[in-house]
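Trainee: below: sequence and its predicted model.
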Amino acid sequence: MNAFTETPMVSLEDMRLALETASTIVIDIREPHEHANGVASGAKLIPMSQLGGRLAELPAPGAEPFLVICNTQVRSANIVGQLQNMGYSNASYVNGGMSLWARQAWPMVRP
């Protein structure tokens with residue numbers, strides 16, 4: 001098994017609905033140069049390179065669910081796997097990532 005089959009995942013459509021209804025926190029772990037291309041409105045920007053020092057900004061382990069997105073899903077799946085190992089059973093990654101969001105021509109904003 002790999003990270004994609006073992007790690008909790010949600011669809012891009014579910015993430016979009018979560019942002020539109022403000023029902024779930026979405027963490028965008030792309031780096032600042034990637035954020036410059038546009039982000040999903042409402043996503044919290046915590047670059048992967050800073051995540052270790054900013055864990056306090058995530059919902060507590062086992063508390064409210066949250067989603068993690070990167071550009072394609074590779075980094076977010078790996079990060080969610082690591083978070084799961086740290087007790088964050090409430091974390092899921094977004095299938096397809098922001099590259100799929102952009103291909104859908106869904107709205108993005110400048111950070």
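Mentor: Yep, it's here.

Trainee: looking at this protein, which helix or strand is least sure?
Mentor: In the chain, the helix or strand scored least confidently by mean pLDDT, DSSP states H and E is helix 3-6, which has a mean of 54.

Trainee: quick check: next helix or strand after that helix?
Mentor: strand 9-10 (DSSP states H and E).

Trainee: who does that next one pair up with?
Mentor: According to DSSP bridges, strand 9-10 has the following sheet partners: strand 91-94 (parallel).

Trainee: does anything pack onto the helix or strand just after the partner strand? Which helices or strands?
Mentor: Downstream of strand 91-94, the first helix or strand assigned by DSSP H and E is helix 97-103. For helix 97-103, the packing partners by 3 or more CB pairs under 8 Å, 6 or more residues apart in numbering; DSSP states H and E come out as helix 12-21. Every residue, glycine included, has its C-beta placed from N, CA and C.

Trainee: report the distance from the helix it packs on to the chain centre.
Mentor: Mean-position distance between helix 12-21 and its chain equals 12 Å (CA atoms, centre = their mean, to the nearest Å).

Trainee: would you mark the buried spots in stretch 33-51?
Mentor: 34, 35, 38, 39, 40, 42, 43, 46, 48, 51 (16 or more other CB atoms under 10 Å).
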